[in-house]
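# got a sequence here, can you model it:
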Amino acid sequence: MTDTSTPIRVLLVDDHAMLRAGFRTILDTQPDITVVGEAATGAEAIAQATALRPDVITMDVQMPDMDGIEATRRIVADPEISAAIAIITTFDRDDYLYQALDAGASGFLLKNAGPEDLLAAVRALAAGDGMLAPEVTRRVLARFATASAPTSGVEPAQASAPAAAPTVELAEPLTEREAEVLALLADARSNAEIASALFIGEATVKTHVSRILQKLGARDRVQAVVLAHRMGLA
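Numbering: from 1, shown residues only. Next comes the predicted model:
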């Protein structure tokens, strides 16, 4: 059963009013979700996020005065705001994807996705799970795997993956089981799939994921995978 006692608070950010209205119509029909505000620019998004403290923000990329990537970066950097951000765009471009993850986004969704995908993304982000489609996750990991390769002759947009960060020493190392769970997270497995692969319960998987996030200093599963690859842990 969906818990409707504390609905998920969503802020919609897009410079097209009709698209915001469409998203609002989809989300406001759900008893566990409520749209608390809208913004048409990056600057408005920051102001609204500060004032409204939403749980989830759907963020457009190309907007007047400040793009969604920069707005995401500034919102995530504010310790008073705990919203998870899903980048939603018409542009299926890798450079947007990598920049969004670098800025701290927890999900990435195309505007041609169905209503069920939007609802799933909002609920996943609110639960702290993050949301990337498996095919998108594979693209991210493939780019991390080739991040150190020479980029001579490569177009700028193709070479825009986040640079590999220096290895970070964890205050507390991952256990063998946590490393196994992290590897499966990096393969875009769900909790149920991880539980099945390791022959453990889903509740145990959730406990392992929580510990992994704590040790990596990650906000959600998506950021955990990104950090793990940068640190050479997955």
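# check what pLDDT the residue nearest in space to the middle of the chain gets.
Most central in the chain under C-alpha atoms, centre = their mean is S106, positioned 1.3 Å from the mean C-alpha point. S106 carries a pLDDT value of 88.
# so who does it touch?
Counting by C-beta atoms under 8 Å, 6 or more residues apart in numbering, S106 makes contact with A84, I85, A86, L125, G130, M131, R219, D220, V222, Q223. Placement of C-beta: from N, CA and C, glycine included.
# redo that, cut-off 10 Å
Counting by C-beta atoms under 10 Å, 6 or more residues apart in numbering, S106 makes contact with 56-57, 72, 76, 83-87, 100, 121, 124-125, 128-132, 218-223.
# now T41: how far from G201?
Distance from T41 to G201, counting by C-beta to C-beta, to the nearest Å: 46 Å.
# more neighbours: which of these two?
Between T41 and G201, counted using other C-beta atoms under 10 Å, the more crowded position is T41 (19 against 11).
# that one against D67, yeah?
Yes - here T41 lies in contact with D67, judged by C-beta atoms under 10 Å, at a distance of 9.4 Å.
# shared neighbours of these two, anything?
D60.
# next, give phi and psi for the residue nearest to the centre of the chain.
Dihedral pair for S106: phi -110, psi 0, per degrees, to the nearest 10.
# just T89 next, same as before
phi -150, psi 160.
# beta-bridge partners for it, please?
L110 (DSSP bridges).
# for V61, see how far away it is.
Distance from T89 to V61, by C-beta to C-beta: 4 Å.
# shared neighbours of those two, which are they?
D14, G68, Y96, A100.
# what's the closest of the residues you listed to L213?
A100 (19.2 Å; C-beta to C-beta).
# so what's that closest one up against?
A100 touches 59, 61, 68-69, 72-73, 85-87, 89, 106-108, counting by C-beta under 10 Å, 6+ apart.
# re earlier: just the buried members of the contacts of S106?
Buried by 16 or more other C-beta atoms under 10 Å: 56-57, 72, 76, 83-87, 100, 121, 124-125, 129-132, 218-223, out of the contacts of S106.
# now intersect those with the strands, please.
Among the buried ones among the contacts of S106, the subset assigned to strands under DSSP state E consists of V56, I57, A84, I85, A86, I87.
# could you chop the chain up by domain?
Domain ranges of the chain: 8-136, 165-230, per automatic domain parsing.
# confidence-wise, which of the ones you listed is weakest overall?
domain 165-230 (a mean of 83).
# ok now that domain, how far from the chain's centre?
Distance of domain 165-230 from its chain centroid, counting by C-alpha atoms, centre = their mean, to the nearest Å, is 15 Å.
# for stretch 18-31, same thing?
Worked out by C-alpha atoms, centre = their mean, stretch 18-31 lies 20 Å from the chain centre.
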